[in-house]
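Chemist: sequence plus predicted model, see below.
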Amino acid sequence: MTLPRVLGLDLSITAPGICLPDGTTRTIKTNPKDGDRRLQQIVREVGIAMGEREFANDCDLVVMEEAPPGLKGPAIKAIHMVHGAVRLSLIDFGTPYVVINPTTLKAYATGSTSADKTAMAMAAFKRTGREFADDNQCDAFWLRAAGLGLLGQPEFQLPVAQRDRLAKVALPEGVRRG
């Protein structure tokens, strides 16, 4: 069985995490000295991740995490700029995307809405034996896993209560829940 091509994105201005459709992960490292040009770098690298060329539309779904609650000041402005730049590019190329609330993602991965980064990493290790270079890659992995779950083709099994956490995630028009 061929899994749908789902890309997981844990977006930030400093070190976005990406989980490619084949399940491999990486982190985009940006340089603060580049200012807003980091947005171009992130959009370019997301496009490459989608199909090894600029927004090749080779993804069935892109899954991103919503900005964390409680973020304030320059950090919230930066995350919104990154989301805006990436979303506009996805829209331009007709690539469907969904945004998942951080507490929903935590509950899907661990069963707890208040799970910390260590609990997320432990849940991934328990389910798949995978370890990640950083928490950005781990979150991107769980975002891809949630996307596969939304499409009805999970890569691994989770308890029903955890799977049910995705029921409130709205899918984009034209994408059917599996």
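Modeler: Sure thing, it's come through.

Chemist: the helices in this protein, which residues?
Modeler: Assigned by DSSP state H, the helices in the chain fall at 37-51, 73-92, 102-110, 117-128, 135-150, 160-163.

Chemist: wait, which of those is closest to E66?
Modeler: Comparing the helices of the chain against E66 with Cβ to Cβ, the closest turns out to be helix 102-110 (6.2 Å). Quick note: C-beta positions are derived from backbone N, CA and C, even for glycine.

Chemist: ok, residues contacting the closest one?
Modeler: Counting by Cβ atoms under 8 Å, 6 or more residues apart in numbering, helix 102-110 makes contact with 65-66, 68-69, 100, 112-115, 119-120, 123-124, 139, 142-143, 145-146, 149, 158, 162-163, 165-166, 168-169, all of which sit outside it.

Chemist: just the CA trace of it, in CSV.
Modeler: Provided in CSV are the C-alpha atoms of helix 102-110 (Å, rounded to 0.1, in the frame of the first residue of the first chain):
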residue,chain,number,x,y,z
PRO,A,102,-0.8,22.4,19.4
THR,A,103,-3.0,20.9,22.2
THR,A,104,-4.8,18.7,19.6
LEU,A,105,-1.4,17.5,18.3
LYS,A,106,-0.1,16.7,21.8
ALA,A,107,-3.3,14.8,22.7
TYR,A,108,-3.1,12.9,19.4
ALA,A,109,0.6,11.9,20.0
THR,A,110,0.5,11.3,23.8
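
Chemist: report the angle between it and helix 135-150.
Modeler: 80 degrees (axes from the mean of the first three to the mean of the last three Cα atoms, to 10 degrees).

Chemist: where's helix 102-110 relative to the chain centroid, distance-wise?
Modeler: The gap between where helix 102-110 is centred and where its chain is centred comes out at 12 Å by Cα atoms, centre = their mean, to the nearest Å.

Chemist: skip the chain neighbours and tell me the closest residue to Q41.
Modeler: Of all residues not flanking Q41 in the chain, T30 sits nearest, at 5.8 Å (Cβ to Cβ, 6 or more residues apart in numbering).

Chemist: cool, A124 as well?
Modeler: Going by Cβ to Cβ, 6+ apart, A124 has R130 as its nearest residue, at 5.2 Å.

Chemist: just give the number of residues close to G84.
Modeler: Using other Cβ atoms under 10 Å, the number of residues around G84 comes to 11.

Chemist: run through who's touching the lowest-mean-pLDDT helix or strand in the chain.
Modeler: In the chain, the helix or strand scored least confidently by mean pLDDT, DSSP states H and E is helix 37-51, which has a mean of 86. Contact with helix 37-51 is made by 7, 9, 11, 13, 16, 18, 20, 26, 28, 30-32, 34, 53-59, 62, 81-82, 85-86, 89, 95, as judged by Cβ under 8 Å, 6+ apart.

Chemist: where does pLDDT dip in the chain?
Modeler: 1, 51-57 (pLDDT under 70).
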